[in-house]
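Chemist: The sequence and its predicted three-dimensional model are supplied below.
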Amino acid sequence: MTGEDLDKYCAAHEQRFTDELIDFLRIPSISADPEHAADVRRNAEYLRDALLQAGFQRAELVETSGHPSVYAERMVDRSKPTALVYGHHDVQPVDPLDEWVSPPFEPAVRDGNLHARGAVDDKGQVWMHLKAVQAHVETRGELPLNLKLIVEGEEESGSVHFEELVVAERERLQADVLVVSDTGVLAPDLPSLCTGLRGLAAVEVTVHGPSLDLHSGVFGGAVMNPIAALARIIAGLHDPVTGRVTVPGFYDDVRPLNQEDRELLARVPYDESEFLAEAGGISATAGEEGFTVLERRSVRPTLELNGVWGGYSGPGTKTIIPASASAKITCRLVPDQLPDDIARTVAAAIHDAAPRGVRVETQIQHGGRPVLTPVQHPAVQAAARAMAQVFGKEPLFTREGGSIPPVESFSRVMGMPAVLVGVGLPDDRIHAPNEKFNLAMYQRGIRVLAHLWDELAPALSAAS
Ligand code: BES
Ligand code: MN
Ligand code: MN
(Lines give C-alpha, C1' and ligand atoms only; values in the text may rest on other atoms or scores of the structure.)
(Ligands and ions follow the chains in the order given, each with its own letter.)
Protein backbone atom coordinates (compact mmCIF):
# COMPACT_ATOMS: atom_id res chain seq x y z
CA MET A 1 0.00 0.00 0.00
CA THR A 2 1.41 3.41 -0.95
CA GLY A 3 -0.57 5.49 1.45
CA GLU A 4 -2.64 7.17 -1.24
CA ASP A 5 -5.75 6.08 0.62
CA LEU A 6 -4.48 7.88 3.72
CA ASP A 7 -3.61 11.02 1.75
CA LYS A 8 -7.05 11.04 0.20
CA TYR A 9 -8.74 10.74 3.57
CA CYS A 10 -6.63 13.56 4.96
CA ALA A 11 -7.31 15.81 1.97
CA ALA A 12 -11.04 15.25 2.35
CA HIS A 13 -10.97 16.20 6.03
CA GLU A 14 -8.59 19.18 6.09
CA GLN A 15 -11.18 21.71 7.20
CA ARG A 16 -12.45 19.44 9.94
CA PHE A 17 -8.92 18.81 11.18
CA THR A 18 -8.32 22.56 11.45
CA ASP A 19 -11.63 23.29 13.17
CA GLU A 20 -10.99 20.58 15.74
CA LEU A 21 -7.55 21.92 16.57
CA ILE A 22 -9.01 25.39 17.01
CA ASP A 23 -11.38 24.07 19.68
CA PHE A 24 -8.57 22.25 21.51
CA LEU A 25 -6.46 25.42 21.53
CA ARG A 26 -9.16 27.38 23.33
CA ILE A 27 -8.30 25.69 26.64
CA PRO A 28 -5.59 27.72 28.46
CA SER A 29 -3.47 24.81 29.73
CA ILE A 30 -0.62 26.86 31.23
CA SER A 31 1.18 24.44 33.55
CA ALA A 32 3.47 26.98 35.23
CA ASP A 33 0.57 29.07 36.58
CA PRO A 34 -1.26 27.50 39.57
CA GLU A 35 -4.33 29.56 38.66
CA HIS A 36 -4.66 27.45 35.51
CA ALA A 37 -4.44 24.05 37.22
CA ALA A 38 -8.14 23.34 36.58
CA ASP A 39 -7.66 24.29 32.91
CA VAL A 40 -4.75 21.87 32.53
CA ARG A 41 -6.98 19.11 33.92
CA ARG A 42 -9.88 20.07 31.66
CA ASN A 43 -7.45 20.03 28.75
CA ALA A 44 -6.37 16.49 29.67
CA GLU A 45 -9.98 15.35 29.86
CA TYR A 46 -10.76 16.95 26.53
CA LEU A 47 -7.79 15.17 24.98
CA ARG A 48 -8.82 11.83 26.51
CA ASP A 49 -12.28 12.07 24.97
CA ALA A 50 -10.84 13.07 21.59
CA LEU A 51 -8.42 10.13 21.64
CA LEU A 52 -11.33 7.72 22.07
CA GLN A 53 -13.14 9.38 19.17
CA ALA A 54 -10.03 9.19 17.00
CA GLY A 55 -9.90 5.41 17.34
CA PHE A 56 -7.91 4.63 20.48
CA GLN A 57 -9.52 1.73 22.35
CA ARG A 58 -8.55 3.02 25.78
CA ALA A 59 -7.74 6.50 26.98
CA GLU A 60 -7.42 7.73 30.53
CA LEU A 61 -5.84 10.33 32.76
CA VAL A 62 -2.72 9.25 34.63
CA GLU A 63 -2.32 11.18 37.85
CA THR A 64 1.03 12.49 39.07
CA SER A 65 1.77 14.66 42.09
CA GLY A 66 1.50 17.55 39.61
CA HIS A 67 -0.68 17.98 36.53
CA PRO A 68 -2.19 14.85 34.94
CA SER A 69 -0.87 13.07 31.87
CA VAL A 70 -3.08 11.27 29.36
CA TYR A 71 -2.47 7.67 28.31
CA ALA A 72 -4.11 5.94 25.35
CA GLU A 73 -3.57 2.78 23.35
CA ARG A 74 -4.73 0.86 20.35
CA MET A 75 -3.39 -2.66 20.62
CA VAL A 76 -3.64 -4.52 17.34
CA ASP A 77 -1.73 -7.77 17.66
CA ARG A 78 0.89 -8.92 20.15
CA SER A 79 3.09 -10.25 17.37
CA LYS A 80 3.35 -6.79 15.79
CA PRO A 81 5.80 -4.09 16.88
CA THR A 82 4.72 -1.34 19.27
CA ALA A 83 5.37 2.40 19.10
CA LEU A 84 4.89 4.87 21.94
CA VAL A 85 4.05 8.49 21.17
CA TYR A 86 5.14 11.16 23.66
CA GLY A 87 3.90 14.75 23.61
CA HIS A 88 2.76 17.49 25.99
CA HIS A 89 -0.63 19.10 26.37
CA ASP A 90 0.49 22.01 28.55
CA VAL A 91 1.62 25.35 27.13
CA GLN A 92 3.88 28.25 28.03
CA PRO A 93 2.58 31.38 29.80
CA VAL A 94 1.34 34.13 27.46
CA ASP A 95 2.93 37.33 28.71
CA PRO A 96 3.48 39.95 27.39
CA LEU A 97 -0.22 39.75 26.58
CA ASP A 98 -0.48 43.14 24.85
CA GLU A 99 1.85 41.99 22.07
CA TRP A 100 -0.61 39.37 20.80
CA VAL A 101 -2.41 40.44 17.61
CA SER A 102 -5.30 38.13 18.56
CA PRO A 103 -5.82 36.76 22.09
CA PRO A 104 -3.69 33.65 22.80
CA PHE A 105 -6.65 31.40 23.54
CA GLU A 106 -8.92 32.69 20.77
CA PRO A 107 -7.26 30.89 17.86
CA ALA A 108 -7.25 32.92 14.66
CA VAL A 109 -6.22 32.04 11.09
CA ARG A 110 -4.20 34.70 9.24
CA ASP A 111 -2.27 34.10 6.00
CA GLY A 112 -2.50 30.33 6.27
CA ASN A 113 -1.24 30.33 9.86
CA LEU A 114 -3.19 29.35 12.94
CA HIS A 115 -2.25 31.73 15.77
CA ALA A 116 -2.67 30.62 19.39
CA ARG A 117 -0.59 29.64 22.41
CA GLY A 118 0.25 25.95 22.03
CA ALA A 119 -0.60 25.92 18.29
CA VAL A 120 2.66 24.17 17.41
CA ASP A 121 4.24 23.63 20.88
CA ASP A 122 2.82 21.13 21.38
CA LYS A 123 -0.98 20.82 21.23
CA GLY A 124 -1.15 21.08 17.44
CA GLN A 125 1.53 18.46 16.94
CA VAL A 126 -0.18 16.13 19.44
CA TRP A 127 -3.42 16.58 17.53
CA MET A 128 -1.64 15.46 14.33
CA HIS A 129 -1.18 12.07 15.98
CA LEU A 130 -4.89 11.74 16.69
CA LYS A 131 -5.74 12.52 13.10
CA ALA A 132 -3.13 10.14 11.68
CA VAL A 133 -4.59 7.28 13.71
CA GLN A 134 -8.08 8.25 12.64
CA ALA A 135 -6.97 8.17 8.99
CA HIS A 136 -5.78 4.58 9.39
CA VAL A 137 -8.78 3.37 11.34
CA GLU A 138 -11.33 4.99 9.06
CA THR A 139 -9.73 4.02 5.75
CA ARG A 140 -8.50 0.52 6.60
CA GLY A 141 -10.17 -0.39 9.87
CA GLU A 142 -6.84 -0.96 11.62
CA LEU A 143 -3.31 0.27 12.30
CA PRO A 144 -0.31 -1.71 11.01
CA LEU A 145 1.25 -1.81 14.52
CA ASN A 146 0.37 -1.42 18.19
CA LEU A 147 0.24 2.18 19.27
CA LYS A 148 0.50 3.69 22.74
CA LEU A 149 0.50 7.35 23.59
CA ILE A 150 1.47 9.35 26.67
CA VAL A 151 0.90 13.10 26.70
CA GLU A 152 2.15 14.93 29.77
CA GLY A 153 0.91 18.11 31.40
CA GLU A 154 4.11 19.60 32.80
CA GLU A 155 6.71 19.71 30.03
CA GLU A 156 6.77 23.50 29.93
CA SER A 157 7.41 23.63 33.65
CA GLY A 158 10.24 21.14 33.72
CA SER A 159 8.54 17.69 33.69
CA VAL A 160 9.34 17.49 37.38
CA HIS A 161 7.04 14.52 38.07
CA PHE A 162 7.30 12.75 34.75
CA GLU A 163 10.21 10.43 35.39
CA GLU A 164 8.30 9.06 38.41
CA LEU A 165 5.45 8.28 36.05
CA VAL A 166 7.76 6.56 33.55
CA VAL A 167 9.23 4.39 36.29
CA ALA A 168 5.82 3.55 37.80
CA GLU A 169 4.20 2.82 34.43
CA ARG A 170 7.12 1.18 32.68
CA GLU A 171 5.21 -2.05 31.95
CA ARG A 172 2.33 -0.29 30.33
CA LEU A 173 4.57 2.16 28.42
CA GLN A 174 6.91 -0.52 27.04
CA ALA A 175 7.44 -0.19 23.27
CA ASP A 176 10.04 -0.73 20.56
CA VAL A 177 10.41 2.94 19.76
CA LEU A 178 9.42 6.38 21.01
CA VAL A 179 7.95 8.87 18.53
CA VAL A 180 7.86 12.56 19.42
CA SER A 181 6.39 15.43 17.40
CA ASP A 182 7.65 18.49 19.27
CA THR A 183 10.46 19.78 17.04
CA GLY A 184 10.69 21.45 13.66
CA VAL A 185 11.89 21.31 10.07
CA LEU A 186 14.34 23.73 8.45
CA ALA A 187 11.81 25.27 6.04
CA PRO A 188 8.59 24.26 4.24
CA ASP A 189 10.63 23.09 1.24
CA LEU A 190 13.52 21.77 3.36
CA PRO A 191 12.23 18.79 5.29
CA SER A 192 14.50 17.60 8.07
CA LEU A 193 14.58 14.98 10.77
CA CYS A 194 15.91 15.84 14.17
CA THR A 195 18.20 13.17 15.65
CA GLY A 196 19.32 14.96 18.78
CA LEU A 197 18.25 17.43 21.44
CA ARG A 198 20.31 19.30 24.01
CA GLY A 199 19.96 18.73 27.74
CA LEU A 200 19.52 21.36 30.41
CA ALA A 201 21.18 22.32 33.70
CA ALA A 202 19.83 25.21 35.77
CA VAL A 203 21.42 27.27 38.53
CA GLU A 204 20.08 30.30 40.38
CA VAL A 205 22.52 32.62 42.13
CA THR A 206 21.96 35.26 44.79
CA VAL A 207 24.68 37.61 45.99
CA HIS A 208 24.00 38.83 49.53
CA GLY A 209 25.66 42.01 50.80
CA PRO A 210 24.53 44.12 53.75
CA SER A 211 21.51 42.88 55.70
CA LEU A 212 19.55 45.96 54.55
CA ASP A 213 19.67 48.44 51.68
CA LEU A 214 22.29 51.06 52.57
CA HIS A 215 22.48 54.78 51.77
CA SER A 216 24.90 54.85 48.83
CA GLY A 217 26.29 58.23 49.88
CA VAL A 218 26.89 57.34 53.50
CA PHE A 219 28.32 53.84 52.83
CA GLY A 220 29.23 53.95 49.13
CA GLY A 221 32.93 53.58 48.40
CA ALA A 222 33.59 51.28 51.33
CA VAL A 223 31.07 48.49 50.77
CA MET A 224 31.04 45.79 48.07
CA ASN A 225 27.91 46.35 46.00
CA PRO A 226 26.02 43.04 45.40
CA ILE A 227 24.99 44.09 41.89
CA ALA A 228 28.57 44.91 40.96
CA ALA A 229 29.71 41.61 42.46
CA LEU A 230 27.04 39.69 40.54
CA ALA A 231 27.92 41.53 37.32
CA ARG A 232 31.58 40.67 37.78
CA ILE A 233 30.74 37.00 38.44
CA ILE A 234 28.43 36.52 35.50
CA ALA A 235 30.61 38.50 33.10
CA GLY A 236 33.44 36.14 33.95
CA LEU A 237 31.51 33.04 32.91
CA HIS A 238 32.42 33.55 29.23
CA ASP A 239 35.72 34.38 27.58
CA PRO A 240 35.05 37.64 25.72
CA VAL A 241 37.47 36.74 22.91
CA THR A 242 36.77 33.05 22.24
CA GLY A 243 33.15 33.01 23.40
CA ARG A 244 33.88 29.84 25.37
CA VAL A 245 32.44 29.11 28.80
CA THR A 246 35.23 29.61 31.35
CA VAL A 247 33.85 27.26 34.02
CA PRO A 248 36.63 24.74 34.73
CA GLY A 249 35.71 21.29 33.41
CA PHE A 250 32.67 22.56 31.51
CA TYR A 251 33.73 20.90 28.24
CA ASP A 252 35.36 17.80 29.77
CA ASP A 253 32.54 15.37 28.98
CA VAL A 254 31.61 16.76 25.56
CA ARG A 255 31.83 13.89 23.08
CA PRO A 256 33.75 15.13 20.04
CA LEU A 257 31.74 15.37 16.83
CA ASN A 258 32.61 12.68 14.37
CA GLN A 259 33.19 13.35 10.70
CA GLU A 260 29.72 12.09 9.75
CA ASP A 261 28.00 14.40 12.26
CA ARG A 262 29.82 17.40 10.89
CA GLU A 263 29.17 16.43 7.28
CA LEU A 264 25.45 15.95 7.88
CA LEU A 265 25.24 19.35 9.55
CA ALA A 266 27.31 20.99 6.82
CA ARG A 267 24.62 20.00 4.28
CA VAL A 268 22.14 22.29 6.00
CA PRO A 269 22.00 25.59 4.13
CA TYR A 270 22.64 28.73 6.18
CA ASP A 271 21.59 32.23 5.27
CA GLU A 272 23.04 34.79 7.67
CA SER A 273 20.53 37.56 7.04
CA GLU A 274 17.63 35.12 7.37
CA PHE A 275 19.03 33.91 10.68
CA LEU A 276 19.53 37.46 11.98
CA ALA A 277 15.90 38.23 11.07
CA GLU A 278 14.59 35.04 12.74
CA ALA A 279 16.61 35.98 15.83
CA GLY A 280 14.54 39.12 16.21
CA GLY A 281 16.54 41.52 14.06
CA ILE A 282 19.90 41.35 15.85
CA SER A 283 22.85 42.85 13.98
CA ALA A 284 25.44 40.08 14.34
CA THR A 285 25.79 36.51 15.57
CA ALA A 286 27.84 35.61 18.63
CA GLY A 287 29.23 32.49 20.24
CA GLU A 288 31.99 29.97 20.44
CA GLU A 289 35.00 30.36 18.21
CA GLY A 290 35.73 27.51 15.80
CA PHE A 291 32.13 26.41 15.26
CA THR A 292 29.48 27.34 12.71
CA VAL A 293 26.31 29.11 13.78
CA LEU A 294 24.34 25.89 13.34
CA GLU A 295 26.86 23.91 15.41
CA ARG A 296 26.79 26.55 18.16
CA ARG A 297 23.04 26.28 18.47
CA SER A 298 22.65 22.52 18.30
CA VAL A 299 25.71 20.41 19.05
CA ARG A 300 27.75 22.66 21.34
CA PRO A 301 26.99 23.31 25.01
CA THR A 302 26.14 26.82 26.16
CA LEU A 303 25.65 28.88 29.31
CA GLU A 304 22.89 31.49 29.16
CA LEU A 305 21.64 34.15 31.55
CA ASN A 306 17.85 34.05 31.62
CA GLY A 307 17.15 36.75 34.16
CA VAL A 308 18.88 39.17 36.49
CA TRP A 309 17.39 41.36 39.19
CA GLY A 310 18.19 43.34 42.30
CA GLY A 311 18.11 46.83 43.74
CA TYR A 312 15.85 49.61 42.60
CA SER A 313 14.34 49.79 39.12
CA GLY A 314 11.37 52.11 39.68
CA PRO A 315 11.02 55.66 38.35
CA GLY A 316 13.64 58.29 39.15
CA THR A 317 16.67 57.76 41.33
CA LYS A 318 17.06 55.82 44.54
CA THR A 319 20.51 56.12 46.04
CA ILE A 320 21.10 52.73 47.64
CA ILE A 321 23.54 49.88 47.85
CA PRO A 322 21.06 47.01 47.64
CA ALA A 323 21.10 44.13 50.08
CA SER A 324 21.18 41.51 47.31
CA ALA A 325 21.18 40.74 43.59
CA SER A 326 20.22 37.55 41.73
CA ALA A 327 20.46 35.82 38.37
CA LYS A 328 18.98 32.75 36.70
CA ILE A 329 21.34 30.68 34.57
CA THR A 330 20.69 27.68 32.33
CA CYS A 331 23.18 25.61 30.38
CA ARG A 332 22.32 23.59 27.29
CA LEU A 333 24.10 20.26 27.36
CA VAL A 334 25.31 17.83 24.72
CA PRO A 335 26.34 14.18 25.03
CA ASP A 336 27.89 13.10 27.43
CA GLN A 337 27.45 16.03 29.83
CA LEU A 338 25.33 15.33 32.93
CA PRO A 339 23.00 18.00 34.35
CA ASP A 340 23.99 17.55 38.00
CA ASP A 341 27.71 17.58 37.26
CA ILE A 342 27.49 20.70 35.14
CA ALA A 343 25.22 22.51 37.59
CA ARG A 344 27.67 21.73 40.40
CA THR A 345 30.73 22.91 38.48
CA VAL A 346 28.96 26.12 37.44
CA ALA A 347 27.91 26.73 41.06
CA ALA A 348 31.47 26.08 42.25
CA ALA A 349 32.90 28.53 39.68
CA ILE A 350 30.42 31.15 40.86
CA HIS A 351 31.45 30.69 44.49
CA ASP A 352 35.12 30.90 43.51
CA ALA A 353 34.54 34.17 41.69
CA ALA A 354 32.83 35.89 44.65
CA PRO A 355 34.67 39.02 45.77
CA ARG A 356 35.31 39.69 49.44
CA GLY A 357 32.54 41.30 51.44
CA VAL A 358 29.57 39.47 49.91
CA ARG A 359 28.08 36.03 50.43
CA VAL A 360 27.08 33.98 47.41
CA GLU A 361 24.25 31.46 47.50
CA THR A 362 23.55 29.07 44.63
CA GLN A 363 20.62 26.81 44.06
CA ILE A 364 20.55 23.94 41.58
CA GLN A 365 17.27 23.37 39.74
CA HIS A 366 15.75 20.46 37.87
CA GLY A 367 17.48 19.67 34.56
CA GLY A 368 17.49 17.08 31.82
CA ARG A 369 19.96 15.03 29.80
CA PRO A 370 20.66 15.38 26.08
CA VAL A 371 19.19 12.98 23.50
CA LEU A 372 20.90 11.41 20.51
CA THR A 373 19.54 8.77 18.11
CA PRO A 374 21.81 7.27 15.43
CA VAL A 375 20.86 8.37 11.91
CA GLN A 376 21.18 4.72 10.80
CA HIS A 377 18.53 3.49 13.23
CA PRO A 378 15.81 1.68 11.22
CA ALA A 379 13.11 3.79 12.86
CA VAL A 380 14.86 7.02 11.87
CA GLN A 381 15.21 5.74 8.32
CA ALA A 382 11.52 4.80 8.29
CA ALA A 383 10.64 8.33 9.38
CA ALA A 384 12.88 9.73 6.64
CA ARG A 385 10.95 7.72 4.03
CA ALA A 386 7.61 8.93 5.42
CA MET A 387 8.83 12.53 5.20
CA ALA A 388 10.15 12.08 1.67
CA GLN A 389 6.79 10.66 0.55
CA VAL A 390 4.88 13.67 1.84
CA PHE A 391 7.37 16.49 1.14
CA GLY A 392 8.51 15.04 -2.19
CA LYS A 393 12.10 15.51 -1.06
CA GLU A 394 14.58 13.58 1.07
CA PRO A 395 14.91 15.13 4.53
CA LEU A 396 18.21 16.42 5.86
CA PHE A 397 19.33 15.27 9.30
CA THR A 398 19.66 17.91 12.01
CA ARG A 399 20.16 18.17 15.73
CA GLU A 400 18.17 20.79 17.58
CA GLY A 401 19.18 23.06 20.40
CA GLY A 402 15.99 22.85 22.48
CA SER A 403 15.37 20.29 25.21
CA ILE A 404 12.66 17.74 25.92
CA PRO A 405 13.97 16.09 29.11
CA PRO A 406 11.38 13.26 29.25
CA VAL A 407 12.57 11.91 25.90
CA GLU A 408 15.85 10.95 27.49
CA SER A 409 14.05 9.37 30.48
CA PHE A 410 12.46 6.88 28.09
CA SER A 411 15.78 5.88 26.55
CA ARG A 412 17.55 5.60 29.93
CA VAL A 413 14.76 3.97 31.97
CA MET A 414 13.32 1.77 29.24
CA GLY A 415 16.02 1.54 26.57
CA MET A 416 13.81 3.07 23.90
CA PRO A 417 15.32 4.96 20.96
CA ALA A 418 13.57 8.23 20.04
CA VAL A 419 12.42 9.35 16.61
CA LEU A 420 11.76 13.09 16.50
CA VAL A 421 9.27 13.83 13.75
CA GLY A 422 8.16 17.44 14.18
CA VAL A 423 6.99 19.91 11.57
CA GLY A 424 7.31 23.30 13.25
CA LEU A 425 8.94 26.16 11.32
CA PRO A 426 11.78 28.39 12.54
CA ASP A 427 9.49 31.44 12.58
CA ASP A 428 6.66 29.85 14.61
CA ARG A 429 7.49 32.09 17.63
CA ILE A 430 7.23 29.26 20.17
CA HIS A 431 7.18 30.57 23.78
CA ALA A 432 6.64 34.11 22.41
CA PRO A 433 3.59 36.25 21.60
CA ASN A 434 1.76 35.29 18.39
CA GLU A 435 2.88 31.66 18.33
CA LYS A 436 1.51 30.02 15.19
CA PHE A 437 1.29 26.75 13.32
CA ASN A 438 1.42 26.92 9.57
CA LEU A 439 -1.69 25.06 8.45
CA ALA A 440 0.01 23.51 5.42
CA MET A 441 2.65 22.09 7.77
CA TYR A 442 -0.07 20.83 10.10
CA GLN A 443 -1.80 18.96 7.27
CA ARG A 444 1.50 17.58 5.99
CA GLY A 445 2.46 16.54 9.50
CA ILE A 446 -0.71 14.45 9.80
CA ARG A 447 0.13 12.68 6.55
CA VAL A 448 3.79 12.14 7.56
CA LEU A 449 2.63 10.42 10.76
CA ALA A 450 0.05 8.34 8.92
CA HIS A 451 2.76 7.22 6.46
CA LEU A 452 5.17 6.71 9.34
CA TRP A 453 3.13 3.84 10.81
CA ASP A 454 3.19 2.09 7.42
CA GLU A 455 6.97 2.49 7.17
CA LEU A 456 7.73 1.75 10.79
CA ALA A 457 5.79 -1.51 11.17
CA PRO A 458 7.85 -3.53 8.64
CA ALA A 459 11.10 -1.78 9.61
CA LEU A 460 10.71 -2.74 13.28
CA SER A 461 9.60 -6.29 12.46
CA ALA A 462 12.68 -6.77 10.31
CA ALA A 463 14.94 -5.33 13.00
CA SER A 464 13.71 -7.61 15.78
N1 BES B 1 9.28 21.72 22.12
C2 BES B 1 10.20 22.41 22.98
C3 BES B 1 11.63 22.00 22.77
C4 BES B 1 12.17 22.25 21.38
C5 BES B 1 11.97 23.46 20.76
C6 BES B 1 12.89 21.28 20.75
C7 BES B 1 12.46 23.67 19.49
C8 BES B 1 13.39 21.49 19.50
C9 BES B 1 13.15 22.69 18.86
C10 BES B 1 9.80 22.15 24.42
O11 BES B 1 8.43 22.34 24.65
C12 BES B 1 10.52 23.16 25.31
O13 BES B 1 10.20 24.30 25.23
N14 BES B 1 11.43 22.68 26.14
C15 BES B 1 12.06 23.48 27.13
C16 BES B 1 12.45 22.56 28.25
C17 BES B 1 12.43 23.18 29.61
C18 BES B 1 11.14 23.84 29.96
C19 BES B 1 12.81 22.12 30.64
C20 BES B 1 13.29 24.15 26.57
O21 BES B 1 13.91 23.67 25.60
O22 BES B 1 13.64 25.20 27.09
MN1 MN C 1 7.32 21.38 23.22
MN1 MN D 1 8.07 24.52 24.73
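Modeler: Now that the structure is in, tell me what you want to look at. Ligands and ions are numbered 1, 2, ... in the order given.

Chemist: which parts of the stretch 351-464 of the chain sit against ligand 1?
Modeler: Neighbours of ligand 1 within the stretch 351-464 of the chain, by CB under 6 Å from any ligand atom: 368, 400, 402, 403, 404, 405. C-beta here means a position set from N, CA and C on the backbone, and glycine is covered the same way.

Chemist: and with 5 Å instead?
Modeler: Residues of the stretch 351-464 of the chain lying close to ligand 1 (CB under 5 Å from any ligand atom) are 400, 402, 403.

Chemist: same deal with the stretch 1-150 of the chain?
Modeler: Going by CB under 5 Å from any ligand atom, the residues of the stretch 1-150 of the chain near ligand 1 are residue 121.

Chemist: Looking at the stretch 1-150 of the chain, which residue is nearest ligand 1?
Modeler: Proximity of the stretch 1-150 of the chain to ligand 1 (CB to the nearest ligand atom) peaks at residue 121, 4.9 Å away.

Chemist: Number of residues surrounding that residue?
Modeler: Applying other CB atoms under 10 Å, we find 26 residues neighbouring residue 121.

Chemist: The chain should start at 49 in everything you say after this.
Modeler: Taking 49 as the first residue, the last one we looked at is residue 169.

Chemist: Distance-wise, check it relative to residue 229.
Modeler: Using CB to CB, to the nearest Å, we find residue 169 at a distance of 10 Å from residue 229.

Chemist: go on, residue 326?
Modeler: Residue 326 is 21 Å from residue 229, where distance means CB to CB.

Chemist: Same check on residue 72?
Modeler: 15 Å.

Chemist: Can you pick out the residue with more neighbours from those two?
Modeler: residue 229 (27 against 22).

Chemist: which residue packs closest to the more buried one, ignoring adjacent ones?
Modeler: Nearest-residue entry for residue 229: residue 173, 4.0 Å, with adjacent residues in sequence omitted and distances by CB to CB, 6 or more residues apart in numbering.

Chemist: Just the buried positions in stretch 367-385, please.
Modeler: 368-383, 385 (16 or more other CB atoms under 10 Å).

Chemist: Residue 368 bridge partners, please.
Modeler: residue 263 (DSSP bridges).

Chemist: Report whether stretch 447-464 contacts ligand 2.
Modeler: No. Stretch 447-464 is not in contact with ligand 2 by CB under 5 Å from the ion; minimum separation 6.4 Å.

Chemist: mind checking how far the longest helix along the chain is from the chain centre?
Modeler: Counting residues, the longest helix found in the chain (DSSP state H) is helix 487-511. Centre-to-centre, helix 487-511 and its host chain are 21 Å apart (CA atoms, centre = their mean, to the nearest Å).

Chemist: Can you give me the buried ones in that helix?
Modeler: 487, 489-505, 507-508.

Chemist: How about the residues of the stretch 199-348 of the chain by ligand 2?
Modeler: Within the stretch 199-348 of the chain, the positions near ligand 2 by CB under 5 Å from the ion are residue 230.

Chemist: contacting residues around residue 156?
Modeler: 149, 150, 162, 163, 164 (CB atoms under 8 Å, 6 or more residues apart in numbering).

Chemist: where does the residue nearest to the first one when sequence neighbours are not counted land on pLDDT?
Modeler: Nearest-residue entry for residue 149: residue 482, 5.7 Å, with adjacent residues in sequence omitted and distances by CB to CB, 6+ apart. The model reports residue 482 with a pLDDT of 98.

Chemist: Residue 482 and ligand 1, how far apart?
Modeler: For residue 482, the distance to ligand 1 equals 16 Å [CB to the nearest ligand atom, to the nearest Å].

Chemist: returning to what we had before: separation between the residue nearest to residue 229 and residue 122?
Modeler: Distance, residue 173 to residue 122, using CB to CB: 19 Å.

Chemist: And the longest helix of the chain, what does it pack against?
Modeler: Under the contact criterion of 3 or more CB pairs under 8 Å, 6 or more residues apart in numbering; DSSP states H and E, helix 487-511 touches helix 52-60, helix 62-73, strand 130-136, strand 161-163, helix 171-188, strand 225-228, helix 426-439.

Chemist: so the longest one versus helix 52-60, what angle?
Modeler: With axes from the mean of the first three to the mean of the last three CA atoms, to 10 degrees as the criterion, the two stretches helix 171-188 and helix 52-60 enclose an angle of 120 degrees.

Chemist: Okay, and the residue in the stretch 199-348 of the chain that ligand 2 sits nearest to sits in which element?
Modeler: Residue of the stretch 199-348 of the chain nearest ligand 2, by CB to the ion: residue 230 (4.1 Å). Take DSSP states H and E as the rule and residue 230 turns out to sit in neither a helix nor a strand.

Chemist: And for residue 337?
Modeler: Using DSSP H and E, residue 337 falls outside every helix and strand.

Chemist: still on that earlier bit, pull the contacting residues for the residue nearest to residue 229.
Modeler: By CB under 8 Å, 6+ apart, the residues touching residue 173 are 135, 229, 230, 470, 471, 472, 485, 493.

Chemist: From residue 493, how far out is it?
Modeler: For residue 173 relative to residue 493 (CB to CB), the value is 7 Å.

Chemist: need the contact list for the closest residue to residue 190 other than its chain neighbours.
Modeler: Nearest non-adjacent residue to residue 190, counting by CB to CB, 6+ apart: residue 124, 6.0 Å away. In this structure, residue 124 makes contact with 190, 191, 192, 193, 194, 195, judged by CB under 8 Å, 6+ apart.

Chemist: Kindly report the same for residue 275.
Modeler: Per CB under 8 Å, 6+ apart, neighbours of residue 275: 255, 358, 359, 370, 373.

Chemist: Show me what the second one is bridged to.
Modeler: Each beta-bridge partner of residue 358 is listed here: residue 373, as defined by DSSP bridges.
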